[in-house]
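Novice: just coords:
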């Protein structure tokens, strides 16, 4: 990647989709056709280049996003292959934060599936230009146009079809390019490397012309040049169509849609053409914005090597050969090996000990890194995911990333004293890598509790502890990560008047707390005058509130969604200190929380069960026994999809039960939706210590 100065020739893209839609298989074909690898790897064989972890090879799924670089038609394509399983959605989130464009892959049979919607919304949030690839058109039941219709209805997208399939299912033979009006046939003896562009038969011309007109109509809605020529029935050149498509794609007005079968080596080269033709270079994206920590003012950084250096750390990983590596996306400027770099979030300097061009789990050492590049660097000690690195004379803090709270927890304890230190060190490394993995020690039991996004997430992390870090440990059963909140307004005073180390400490804080909107977290409002509590004590008061919220008054779970009003207080010029106000505010919050109708909240999951018609009754009945709220049942050919909201505590072991209910013919997906108040009878049983997890 380094050495290239023409930013127009760079494409930083992500491959995103629902699990088993064919992301990694498509990426393997991209690497083969671009000459990056000389043998096609397969997910099912455990030989996929991008799925290099032992756990990925064994399970046949992508767990961690992998970066690789290849070239196509003189353009450099830097690819991040992201996971499709909802438990690893953080990998998608942090990848999309630094990418310029994305390829969304949809299964020709399954269409827009739940995780497809999740990653699409993530891309919407970052306004990322996308193209869509409808994969697996060789499968029985594949329906290209149904997937396009689902993109409109499920994603509120504006798809524009650039190809139509010739045959579907086992008679799928190729695609018709609506821009060139050619029938593309992929030679099987060369694994699809050779493509024949055939003239269309009279029958196919009629069908293709109809879809081409639809394509031009769609394009004329967003491009005046195309509109004028289309209305006047003038010939429209291929270059004009592509220019208009590129402009509309970059503006996220249209989503070009292509089709094929990556596994059967059909349709991947046209996808590569679309990546270089329609997805943005670093110069096509708006200049990055950030805040200067010295002045508090917004600043921008243009995509140029001549700008001041600025990059975002978006991932931390433990490399078995290099040690701790930090993946960065460079937005402006350049940096050289050995250079001292400033972390604008921590205010500390880091050294570029090594600059690595990563190709999945392989690496190549570089001497410098340039604008627009994505590399891994070794030598950073304190830089974490979301931190901005820059030059200290021109500091800037870029917008960081928000990560969801973990919803499942398990207890873990070392088997021997020798394992104790190794366990603590290993857990720190895993938490450093993964912002959705949390570690804490229960103050009452002394147990180490690890929390994650789901059972599979924790299963993978525990497996890595055992194999990669060689830790022997006993693992408890999964438990739900409950939260606490309040239901009414309450007020309380917190006093801290004490002598510490021979010095008097004095502070009085009065807080009024009330429920906040669901999902809005903590809202802090200072209603006091400066003569009541000086400005320098406001931050310690807020810190005390946040600390108190870490452990609620019912069961010690974290308190969420609360508005805290600082209404009064007393300070003493001689005896008041920051620590005194922090402790007083913590006392005040806990006292108020006890009077504010505290309640227990449980995580509610959005669950979609796909089952054959004959098993839908059993699925619905069983979900009802799990306190589910059925939100809808949709028909898809000979299958039905049951959508429901279900408490996470009721979903443990559901995979096994579902398999047994439907003779292994149903599947389900599950992702976190929101927190909801736990029914009073269950809360009472928890107080009585009689509640058993399902």
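Specialist: All right, it came through fine. All values derive from a computational prediction rather than experimental measurement. Numbers count the residues shown, from 1 in each chain.

Novice: C-alpha from now on. contacts and neighbour counts both.
Specialist: Noted.

Novice: Next, find the distance separating the closest residue to residue 503 other than its chain neighbours from residue 419.
Specialist: Using CA to CA, 6 or more residues apart in numbering and skipping the chain neighbours, the partner closest in space to residue 503 is residue 575 (7.9 Å). Plainly put, residue 575 is 46 Å away from residue 419 if you go by CA to CA, to the nearest Å.

Novice: picking that back up, quick check: pLDDT value at the residue nearest to residue 503.
Specialist: As predicted, residue 575 sits at a pLDDT of 91.

Novice: does it count as helix, strand or coil?
Specialist: Assigned by DSSP: H, G, I helix; E, B strand; the rest coil, the conformation of residue 575 is coil.

Novice: for it, phi and psi?
Specialist: Taking degrees, to the nearest 10, you get phi -110, psi -10 for the backbone angles of residue 575.

Novice: ok, it touching residue 504?
Specialist: Yes - using CA atoms under 8 Å, residue 575 makes contact with residue 504 at a distance of 5.6 Å.

Novice: Now do the helices in the stretch 1-150 of the chain.
Specialist: In the stretch 1-150 of the chain, the helices defined using DSSP state H, counting those that start in this stretch lie at 23-33, 54-59, 89-98, 114-125, 144-155.

Novice: Just the endpoints, please. Distance across stretch 467-487?
Specialist: Start-to-end, stretch 467-487 (CA to CA) is 46 Å.

Novice: Stretch 566-583 now?
Specialist: 14 Å.

Novice: Which secondary structure element of the protein has the lowest mean pLDDT?
Specialist: helix 54-59 (a mean of 47; mean pLDDT, DSSP states H and E).

Novice: Would you point out which residue is most central in this structure?
Specialist: Nearest to the geometric centre of the chain sits residue 93, at 2.4 Å (CA atoms, centre = their mean).

Novice: Just the element for residue 509, please.
Specialist: strand 503-515 (DSSP states H and E).

Novice: Give the pairing partners of the next helix or strand after that strand; include direction for each.
Specialist: Proceeding N to C from strand 503-515, the next assigned helix or strand is strand 522-526, under DSSP H and E. Sheet pairing for strand 522-526, assigned by DSSP bridges, gives strand 562-570 (parallel).

Novice: how far is the strand it pairs with from where the chain is centred?
Specialist: In terms of CA atoms, centre = their mean, to the nearest Å, the centre of strand 562-570 is found 36 Å from the chain centre.

Novice: what angle do that strand and strand 503-515 make?
Specialist: Strand 562-570 runs at 140 degrees relative to strand 503-515, counting by axes from the mean of the first three to the mean of the last three CA atoms, to 10 degrees.

Novice: For strand 562-570, buried residues please.
Specialist: 562, 563, 564, 565, 566, 567, 568, 569, 570 (16 or more other CA atoms under 10 Å).

Novice: Equivalent analysis for stretch 107-122, please.
Specialist: Result for stretch 107-122 [16+ other CA under 10 Å]: buried residues 107-120, 122.

Novice: Out of those residues, which two are the most distant from each other?
Specialist: 109 and 122 (23.2 Å; CA to CA).

Novice: how about the helices in the stretch 351-500 of the chain?
Specialist: So, for the stretch 351-500 of the chain - with DSSP H, counting those that start in this stretch - the helices run 417-433, 455-467.

Novice: circling back: how close does the residue nearest to residue 503 sit to residue 501?
Specialist: Distance from residue 575 to residue 501, by CA to CA: 13 Å.

Novice: and if you look at residue 534?
Specialist: Following CA to CA, the distance that separates residue 534 from residue 501 is 24 Å.

Novice: ok, the two, which is more surrounded?
Specialist: residue 534 (14 against 7; other CA atoms under 10 Å).

Novice: Can you get me a residue count around residue 371?
Specialist: 26.

Novice: Next up, the contacts around it.
Specialist: 303, 304, 305, 330, 331, 332, 333, 334 (CA atoms under 8 Å, 6 or more residues apart in numbering).

Novice: So which of these belong to helices?
Specialist: Under the assignment DSSP state H, the contacts of residue 371 contribute nothing to helices.

Novice: Report the buried members of those.
Specialist: Taking 16+ other CA under 10 Å as the criterion, what is buried in the contacts of residue 371 is 303, 304, 305, 330, 331, 332, 333, 334.

Novice: For those, please prepare a markdown table with the additional fields distance to residue 593 and pLDDT.
Specialist: Below are the buried ones among the contacts of residue 371 laid out as a markdown table (distance: CA to CA, whole Å; pLDDT from 0 to 100):
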| residue | distance to residue 593 | pLDDT |
| --- | --- | --- |
| 303 | 49 | 93 |
| 304 | 52 | 93 |
| 305 | 53 | 92 |
| 330 | 45 | 94 |
| 331 | 45 | 94 |
| 332 | 47 | 95 |
| 333 | 50 | 95 |
| 334 | 51 | 94 |
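
Novice: So which of the residues you listed is the closest to residue 520?
Specialist: Nearest to residue 520 among the buried ones among the contacts of residue 371, with distances taken as CA to CA, is residue 331, at 30.8 Å.

Novice: Isn't that closest one up against residue 305?
Specialist: No - using CA under 8 Å, residue 331 makes no contact with residue 305, being 9.1 Å away.

Novice: Look up how far residue 434 lies from residue 422.
Specialist: Distance, residue 422 to residue 434, by CA to CA: 18 Å.

Novice: Same drill for the two, tell me which one is more crowded.
Specialist: residue 434 (21 against 17).

Novice: tell me which residues in stretch 267-274 are buried?
Specialist: 267, 268, 269, 270, 271, 272, 274.

Novice: Name the nearest residue to residue 352, ignoring sequence neighbours.
Specialist: residue 338 (4.8 Å).
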